[in-house]
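>>> Build the 3D model from these lines:
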Amino acid sequence: MGRVKRICALLLAALLLGGGLAPIALAESTAQPQLTVIVLSAPKDLQLLARFRDGGGTDAVQLEKVQKVWETSFRLYFAVLSDMHRAAAAGMNLLVESGGQTFDYPLPQIDFETANHVVTFNYTDKTITMGAPAGRNALLVAVRVGLSLLLSALIFLAFGYRKLKSWLVFLTVNLVAQAALYFLLIYRFGLAGSVGAVPILIAAELLFIVAETLIYIRTLKELGESRAIAFAVASNVAGLFLGFVMLNYLPMPV
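Below you'll find the model as predicted:
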């Protein structure tokens, strides 16, 4: 028990560290005000620009292209806009360039004070709709949860857990943890980019190490307390690494 108490003391230190990171996470997690354009059936040479209809000579502003796995999107950060652009933003068009052709489509009026606006541009149909494509967020969350569960399950198996009761505990704890994590990232903080999500991800994983360890000590009896603690730490460290990978290579729900 002395060894377990020492490990728990280290985990308590992790909890305190996570609590210390919370203000930093809150400060850095506010998403930059931006316009995100998700493009369906995007050609490889596609470029998007924002043109201001009532700008009186203001230049078009190029959107940043983001390619992640199967999805092409473009971002316009409002912080880069000049006062002249802001004054002209009573009307804004999406300028579409591809294959030597240029198309111009009106966008809804944008409020520069709110964090994130998302529109979907269907290149094939040449239509613009507000919001993300139907089912996109559910698919992205399902992919993330599935990959996280698979990784944790492989680690759980490698640690030697075989009994059905142990696996039921594992599934219950991990599903609740994943639901809490994505509630924080998406619905509580509304993060659509990877930068703001990093401090939240780190703080959450530190807190999960403590919470899951305390739960596993009481519920995972198959191989003893020390093995349960070791699994909780290994699983969450691996989950943190996987989270960084997914932030960099998978589109974020918006």
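>>> what about Ala238, distance to Ile215?
Look at Ala238 and Ile215: by C-beta to C-beta, to the nearest Å, they are 18 Å apart. Every residue, glycine included, has its C-beta placed from N, CA and C.
>>> Leu49 too?
Between Leu49 and Ile215 the distance is 51 Å, computed by C-beta to C-beta.
>>> ditto for Thr172
From Thr172 over to Ile215 the distance is 9 Å, taken as C-beta to C-beta.
>>> out of those two, which sits in the busier spot?
Using other C-beta atoms under 10 Å, the more surrounded residue of Thr172 and Ile215 is Ile215, with 17 against 12.
>>> What strand or helix carries the more buried one?
With the criterion set as DSSP states H and E, the secondary-structure element containing Ile215 is helix 194-219.
>>> centre of the chain versus that helix, how much separation?
Computed by C-alpha atoms, centre = their mean, to the nearest Å, the chain-centroid distance of helix 194-219 equals 16 Å.
>>> got the angle between the helix or strand just after that helix and helix 194-219?
Moving toward the C-terminus from helix 194-219, the next helix or strand (DSSP H and E) is helix 225-249. Between helix 225-249 and helix 194-219, the angle comes out at 160 degrees (axes from the mean of the first three to the mean of the last three C-alpha atoms, to 10 degrees).
>>> Enumerate the positions of helix 225-249 that are buried.
Going by neighbour count (16 or more other C-beta atoms under 10 Å), the buried part of helix 225-249 is 225, 228-236, 238-240, 242-243, 246-247.
>>> all helices for the stretch 51-200 of the chain, in order.
In the stretch 51-200 of the chain, the segments counted as helices under DSSP state H, counting those that start in this stretch are 83-87, 136-158, 164-182, 194-219.
>>> which residues touch the third one?
So that's helix 164-182. With contacts defined as C-beta atoms under 8 Å, 6 or more residues apart in numbering, helix 164-182 is touched by 141, 144-145, 148-149, 152-153, 156, 161, 201, 204, 208, 211-212, 215-216, 219-220, 222, 253.
>>> for that helix, what is the average pLDDT?
Across helix 164-182, the average pLDDT comes to 90.
>>> cool, the longest one as well?
Summarised as a single mean, pLDDT over helix 194-219 is 76.
>>> And for the first one?
In this model, helix 83-87 has a mean pLDDT of 57.
>>> now stretch 209-222, how far from the chain's geometric center?
Averaging C-alpha positions (C-alpha atoms, centre = their mean) puts stretch 209-222 27 Å from its chain's average.
>>> Stretch 35-51 now?
Its chain's C-alpha centre and that of stretch 35-51 lie 21 Å apart, by C-alpha atoms, centre = their mean.
>>> which other residues reach that stretch?
With contacts defined as C-beta under 8 Å, 6+ apart, stretch 35-51 is touched by 60-63, 65, 71-76, 78, 92-99, 104, 107, 110, 116-124, 132-133, 136, 192, 254.
>>> Do you know the pLDDT at Leu46?
Leu46 is assigned 95 on the pLDDT scale.
>>> Measure how buried it is and give me the count.
Every residue meeting other C-beta under 10 Å relative to Leu46 is counted, giving 17.
>>> just Gln109 next, same as before
A count of nearby residues for Gln109, using other C-beta under 10 Å, gives 9.
>>> Pull up the gap between it and Glu205, please.
In this view, Gln109 and Glu205 are 40 Å apart by C-beta to C-beta.
>>> Out of the helices of the stretch 51-200 of the chain, indicate the one that is most buried.
Per-residue neighbour counts averaged over each of those give the maximum for helix 194-219, namely a mean of 20 (mean count of other C-beta atoms under 10 Å).
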